[in-house]
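Colleague: Just to be clear, the model below is a prediction. Sequence and coordinates:
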Amino acid sequence: MIKTPNDTVNCFVPENLHNPQPGTPEGPLAGINFVAKDLFNVIGHRTSNGSPDFYHHSTPSEENAEVISKLLGAGANLVGMTICDEFFYSLTGANEHYGTPINSRAPGRLPGGSSSGSAAAVAGGIADVALGSDTGGSVRIPASFCGLWGIRPTFGRVSLKGARAMAPSFDTVGWFANDVLMLSRLAQVLLKDKPQETKIKRIMIGKDAIARADADVAKTMTEWIEEHLTDSEGVTVSPEGLDPWWDVFRVIQAGEVKSTNLPWVRTHKAKLGSGIHERFLMAENITDFELNAAREHQKQIVKHLNQLIIPGSALVIPTAPCVAPLLNEDATTLASFRSNSMALTCVAGLGGLPQVSMPVLTINGCPVGVSLIGTPGSDEQLIELAARIS
């Protein structure tokens, strides 16, 4: 009989699964335990989306989200539902209602969000793998902060059926693991559509992306590149600068939140934590003109990225610009962390590109991730490349 593990890292939502769901006895993932971010439908479970108000108004799901069904069908056991930032609108991993999951790989520091509970569960040994969602970095940032392997797959390659939407132009299902083999095993079960089969032989280093990172991260990553990626070449990711790209992403994301989650928040007068409240106010003020202009700009960005990252190539950038901030970090530092993070994570988001974060760096005992970004459909090739060079 499958049991819910003891929650030693505060990763589970208060109203966790009443009964864990066992996977098919025989399957490629038989015996593997997984947890899922509390935005996926699970039979008999009421999702919270990180909000007690939403939980109060929700009803038990009548069916599982497609990704949950796929993992169960492959033999994995669902053992819990994990805390996330409210309505997924943050990157810190802190939840004013449910508490902050513990980052056991960097004690005293934030786990990163919004898939914070999922990352904390794998880092803390609660589960073998974990499902999260990644819109603006919600798998990649926690992977970096918690020393995990993490993937944001090609946009559209993993079904979002039965998952709460945030910004549908960018929403993806991602996952965490402690090793690249486990990351690959889930990819074989969850990824759909024909993969890009061109072997990756050209590796490009995003110089402007590295320059966006803190000095210690940039130095440590540059030294790692010099040792492990000797045949790589330097490139500029965004000729116009990364800030304009981040602004395009911000406007589109907020404009879509205005249609997905803002109506519910306003109708039910949801109590929002600091930071989340301000971002919903910003989303409310996005105009159709701003949204349409940003979408036109995105088309130009996608065209540029498709010319820069072609089949058989991969782009290397820092996953996050810094080590995990302290739990009591001041608001100014957190605002800087968010803007610098989004300047990095918006690249794959705007392009709909796959990104794999590798836990290959450590700075003063804190994990730091290095990312590979590839062409659409090159998820499997990116994982293979990551396994070779990590």
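Modeller: Sure thing, it's come through.

Colleague: quick one, phi psi at residue 203?
Modeller: Torsion angles at residue 203 (phi, psi; degrees, to the nearest 10) stand at phi -120, psi 120.

Colleague: any idea how far it lies from residue 233?
Modeller: Noted for residue 203: a distance of 8 Å to residue 233, by Cβ to Cβ, to the nearest Å. In this view, the C-beta of every residue, glycine as well, is placed from N, C-alpha and C.

Colleague: Same check on residue 120?
Modeller: 37 Å.

Colleague: Tell me which of these two has more neighbours.
Modeller: The neighbour comparison of residue 120 against residue 233 (other Cβ atoms under 10 Å) goes to residue 120, with 35 against 11.

Colleague: which residue packs closest to that one, ignoring adjacent ones?
Modeller: Of all residues not flanking residue 120 in the chain, residue 101 sits nearest, at 3.5 Å (Cβ to Cβ, 6 or more residues apart in numbering).

Colleague: okay but the one you found is in contact with residue 84, surely?
Modeller: No - contact between residue 101 and residue 84 fails when scored by Cβ atoms under 8 Å: they sit 9.3 Å apart.

Colleague: a helix runs through residue 188, doesn't it?
Modeller: Yes - according to DSSP: H, G, I helix; E, B strand; the rest coil, residue 188 belongs to a helix.

Colleague: on contacts alone, who are the packing partners of the helix or strand harbouring residue 204?
Modeller: Using DSSP states H and E, the element containing residue 204 is strand 202-206. Judged by 3 or more Cβ pairs under 8 Å, 6 or more residues apart in numbering; DSSP states H and E, strand 202-206 is in contact with strand 233-235, strand 313-318.

Colleague: Does residue 295 belong to a helix, a strand or coil?
Modeller: Following three-state DSSP, we place residue 295 in the helix state.

Colleague: OK, contacts around it?
Modeller: residue 252 (Cβ atoms under 8 Å, 6 or more residues apart in numbering).

Colleague: how close does it sit to residue 301?
Modeller: Residue 295 is 10 Å from residue 301, by Cβ to Cβ.

Colleague: again with residue 91
Modeller: From residue 91 across to residue 301, the span is 21 Å (Cβ to Cβ).

Colleague: Give me the pLDDT value at residue 227.
Modeller: At residue 227, the pLDDT value in this model is 97.

Colleague: helices or strands up against the one helix or strand it maps to?
Modeller: Residue 227 belongs to helix 215-228 when assigned by DSSP H and E. Judged by 3+ Cβ pairs under 8 Å, 6+ apart, the packing partners of helix 215-228 are helix 207-211, strand 313-318, strand 355-363, strand 366-373.

Colleague: No more questions from me, cheers.
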